[in-house]
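Novice: Quick one, structure for this:
(chains A and B)
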Amino acid sequence: MTDLTIANPRVIMHLDMNSFFASVEQAANPELKGIPLAVAGNPKERRGILVTCSYEARAFGVYTTMNVGEAKRLCPNLTIVPPRHELYRQMSDSVFDILRSYTEWVEPVSIDEAYIDTTDIGGLTRAYDLAQEIQMRILAELDLPCSIGIAPNKFLAKTASDMKKPMGITILRKREVPKMLWPLPVIDMHGIGKRTEEKLHSAGIKTMGDLATAEKITLEALLGKNGLRLKQRANGMDTRPVDPESAEERKSIGSSTTLPVDLTELEDCVPIFERLAKKVAARLETKLLAGMTISIQIRYADWQNTTRSRTLQQAIYLEEDLTKVALQLFQQHWNHEPIRLLGITAANVIERSEMVKQLTFDNFEQQEKEYEMDQLMSSLTQRFGDGIIKKGCTKK
Amino acid sequence: MQFEIMRDRLLDGLSDVVKAISSKVTTPILTGIKLEITEKGLTMTGSDSDITISTFIPVEEDGTQIIQTIQPGTLVLQAKVFNEIIRKLPTNEVMIELRDGMKTHIRSGQSEFHIIAQSADEYPILPDVKDAERFEMPADLMKSLIRETVFAVSQQETRPVLTGVQWIMKEHELYCIATDSHRLARRIVTPEIQANSPFNAVIPGKSLQELSKILPDDSTAVEIFIANQQVLFKLHNVLFYSRLLEGNYPDTSRLIPIEYKTSITINGRNLLQAIDRASLLAREDRNNIVHFSTDGSPHVQISSNSPDVGNVEELVEAVDIEGEPLKISFSAKYMMDALKAIDGQDLKIHFTGSMRPFILKSIDSEAILQLILPVRTF
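Specialist: So this is what the prediction gives:
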């Protein structure tokens, strides 16, 4: 395999927003600045867990995913605010807009992370200055801190952005890999979780250096193709290009909720799924999308996570349809253990205009009614504006 | 048992019989072909329990001796092995002989095979078609009515009865109807020799496809016997049995519109080619949808759009357009299947709105009707 980083040197940046949700809250409300702050599911309920927390809170040993009670014990002055996803999404878009004002080669990875290929905008000669300028602009215009990693490929850039937080800029060169990365335990490497760590340990591979020098055969037997990929990464090699479209393809819309009490009965879960489906449907509606693949997430009381999905022949977007598929999946896969979290995700989303439904003898009359209703509603909305009419429901 | 037979005639018979052989049968004996030799000739039978095909080769035909029976008898031979052996034998004379229990000798020229046969005692008897309704049709007509309907059967087992073609005889006309609930194909024929009373049977689509392969392209008469659970197609020297599907076939007559809002007369071949071109941009993983519209001009507009690939637009000249302007979207595949069944000539398409079934007919005959349900767009 040719090594693209040598044949065609690139300069990739990885931008990581520092404790993003908390920072957005602090930017929106300056009174929250400089104090221990956490964003948590629902602070009044016992199962609220921290979605993120400020650096001031981290100083007390508070960390993300910790539950509210525990965090309060470590840091009695902790201020807790509920999450405002709409606001985070807007701020995230603003960050990406700033990045796109430099180059089109921006690949958003999640709400608070992006890769930028800066090769064509002077990255080869003045990457550090560029990173500093981007960082200062995001701080000045949005009042948000971020860390930036600069490296010849995605893997090293992501690793670098993690090294200095908050407001760090780190350059990681390939030749520094043995010195900087190889002494680290494998779990510190991106792409390695608990399971993979266990497997690597079983073969005596403890550090990234062990991984970098391990036999290909051993790794392939242990982890399949992924093993070979990890070995390359541990050697500082990664040929994935920055792909501005990839985020579009992966796009999915989901909602999940940690339950106030563990649920054990089906009839208690039904209204939860209905509520989640309503949220997902509302978000699909604002973007005029529909999902081909519906998945549900179950987290059991013992923190075991299960995700099950179904790909449909026809994309769906209505609350009733989402609820129906989610409940079918749930009844099929729930092992009747107590549940602490439930979620629904619509993935593989397509534009509503791309969506079609093949009529059948059994449904065309009903579909025709729905279609006429939709036509009527959209013509009324066009004439009188948004929200003039909404679908109601029959009282049970 | 012992007989001598001309290899080419044996192969002709075998090529029909092996069409009934399936490797997926649950009864082991059905992986074999049953051979029964008498003074009159050789009967070979193959079956997968849904379809049973039996051919007869006479001892003598048009003064030519085909078989020489030395000793009558029956046996069952492994279908695949037997077929391959006969195909590759060196001369046109084949001697088949059963001796020492179940050991079968197949001899041709200098080549001699010894294969193990099975006893014919275990082989199922031919299906019962007593009390059947009997009528007749030429083979080529039967072949075309199969071609015009069978593609529309359902490929999914969720409603088993829809995997078959309904044959229903009423008022001296035979209606052949297939639908997968997204589209429907109907062919009406008037058999020359009529059944005594009306009947209603559902023949598996797969059986009709196999039958079609062994029907000759001429007007040889085919006798059809429809019994309670079986249908028998009887050709010169070939018996083709098929199981009938159980369950009620939905009443499709009420689904066919009789009043229209837009009627278009158009050349079928031109339309087929335009739809074929429009479907070029469809992505494999998505439904292949084309949009069809009229706006008062003497053209219909065909278009298709795949966001990642591009879009295409084409005007096709119509012979005549009556009624309201129309915008409708449908599966390109269903439309092409229907147009191929009607075959080329000028045809009429009758629409009753963009969310309702529409029908296609030849302009000069009511015999073939194709119906398609559109897709809903959002």
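
Novice: Near residue B:177, how many other residues are there?
Specialist: Neighbours of residue B:177 under the rule other Cβ atoms under 10 Å in any protein chain shown: 25. Every residue, glycine included, has its C-beta placed from N, CA and C.

Novice: what's the distance between it and residue B:145?
Specialist: 11 Å (Cβ to Cβ, to the nearest Å).

Novice: same deal with residue A:179?
Specialist: Here the criterion is Cβ to Cβ. By it, residue A:179 lies 80 Å from residue B:145.

Novice: Please apply the same query to residue B:376.
Specialist: 32 Å.

Novice: repeat for residue A:180
Specialist: According to Cβ to Cβ, residue A:180 stands 77 Å off from residue B:145.

Novice: Comparing the two, which residue is more hemmed in?
Specialist: Between residue A:180 and residue B:145, counted using other Cβ under 10 Å, the more crowded position is residue B:145 (23 against 18).

Novice: Surely the more buried one is in contact with residue B:188?
Specialist: No. With contact defined as Cβ atoms under 8 Å, residue B:145 does not reach residue B:188; the gap is 9.1 Å.

Novice: Contact partners for whatever residue of the stretch 151-300 of chain B ends up closest to chain A?
Specialist: The nearest approach of the stretch 151-300 of chain B to chain A comes at residue B:181, 4.4 Å away (Cβ to the nearest Cβ). Applying Cβ atoms under 8 Å, 6 or more residues apart in numbering or on different chains, we find residue B:181 in contact with A:360-362, B:154, B:159, B:162.

Novice: in which helix or strand would I find the residue in the stretch 1-150 of chain B positioned nearest to chain A?
Specialist: Going by Cβ to the nearest Cβ, chain A is nearest to residue B:149 of the stretch 1-150 of chain B, at 16.6 Å. Residue B:149 is located in helix B:139-149, with elements delineated by DSSP states H and E.

Novice: contacts for that helix?
Specialist: B:165, B:176-178, B:185-187, B:189, B:208-209, B:211-212, B:215-222, B:233, B:235, B:341, B:368.

Novice: thought residue B:290 was touching residue B:332?
Specialist: Yes. With contact defined as Cβ under 8 Å, residue B:290 reaches residue B:332; the gap is 4.7 Å.

Novice: Now list whatever residues contact both of those two.
Specialist: Joint contacts of residue B:290 and residue B:332 (Cβ under 8 Å, 6+ apart) are B:275, B:278-279, B:304.

Novice: which ones among the residues you listed are found in helices?
Specialist: Mapping those onto helices (DSSP state H) picks out B:275, B:278.

Novice: And the furthest pair within the shared contacts of residue B:290 and residue B:332?
Specialist: The span of the shared contacts of residue B:290 and residue B:332, defined through Cβ to Cβ, is set by B:275 and B:304 at 9.0 Å.

Novice: Now for the two: what residues contact both?
Specialist: B:290, B:332.

Novice: State the phi and psi torsions of the residue most central in space within chain A.
Specialist: With distances taken as Cα atoms, centre = their mean, residue A:110 lies nearest the centre of chain A, 4.5 Å away. Main-chain torsions, residue A:110, degrees, to the nearest 10: phi -150, psi -170.

Novice: on that earlier part again, may I have the predicted confidence score for the residue of the stretch 1-150 of chain B closest to chain A?
Specialist: pLDDT recorded at residue B:149 is 96.

Novice: And for it, the neighbour number?
Specialist: 26.

Novice: what about it, distance to residue B:176?
Specialist: 5 Å.

Novice: okay, and the common contacts of these two?
Specialist: Common neighbours of residue B:149 and residue B:176 (criterion: Cβ under 8 Å, 6+ apart): B:165, B:186-187.

Novice: among the residues you listed, which are in strands?
Specialist: In this view, the shared contacts of residue B:149 and residue B:176 that belong to strands under DSSP state E are B:165, B:186-187.

Novice: filter those residues by proximity to chain A?
Specialist: Among these, no residue is within reach of chain A (Cβ under 8 Å from any Cβ of the partner chain).

Novice: and the residue nearest to residue B:87 when sequence neighbours are not counted, how far is that from residue B:94?
Specialist: Nearest residue to residue B:87 in three dimensions, chain neighbours excluded: residue B:11, at 6.5 Å (Cβ to Cβ, 6 or more residues apart in numbering or on different chains). The gap separating residue B:11 from residue B:94 is 10 Å, by Cβ to Cβ.

Novice: And the helices in the stretch 201-350 of chain A?
Specialist: A:208-213, A:216-223, A:225-234, A:246-250, A:266-287, A:319-333 (DSSP state H, counting those that start in this stretch).

Novice: Doesn't residue B:356 belong to a helix?
Specialist: No. Counting by DSSP: H, G, I helix; E, B strand; the rest coil, residue B:356 is not found in a helix; it is coil.

Novice: got any ranges where the stretch 201-350 of chain B has weak pLDDT?
Specialist: The model of the stretch 201-350 of chain B has pLDDT under 70 over residues B:282-287, B:307-308, B:344.

Novice: neighbour-wise, which of residue B:11 and residue B:94 wins?
Specialist: Neighbours were tallied for residue B:11 and for residue B:94 using other Cβ under 10 Å; the higher tally belongs to residue B:94 (23 against 15).

Novice: Show me what that one is bridged to.
Specialist: When bridges are called by DSSP bridges, residue B:94 pairs up with residue B:5.

Novice: same check, this time on residue B:60
Specialist: Under the criterion used (DSSP bridges), residue B:60 bridges to residue B:65.

Novice: Pretty sure it sits against residue B:66.
Specialist: Yes. Using Cβ under 8 Å as the test, residue B:60 is close enough to residue B:66 to be in contact (6.4 Å).

Novice: what about the two, which has more around it?
Specialist: Comparing residue B:60 with residue B:66 by neighbour count (other Cβ under 10 Å), the higher total belongs to residue B:66, at 18 against 12.

Novice: Could you check which of residue B:290 and residue B:332 is surrounded by more residues?
Specialist: Using other Cβ under 10 Å, the more surrounded residue of residue B:290 and residue B:332 is residue B:290, with 27 against 21.

Novice: Parallel or antiparallel, which strands does the helix or strand hosting that one pair with?
Specialist: Using DSSP H and E, residue B:290 sits within strand B:289-294. Strand B:289-294 has its sheet partners listed here by DSSP bridges as strand B:299-306 (antiparallel), strand B:326-331 (antiparallel).
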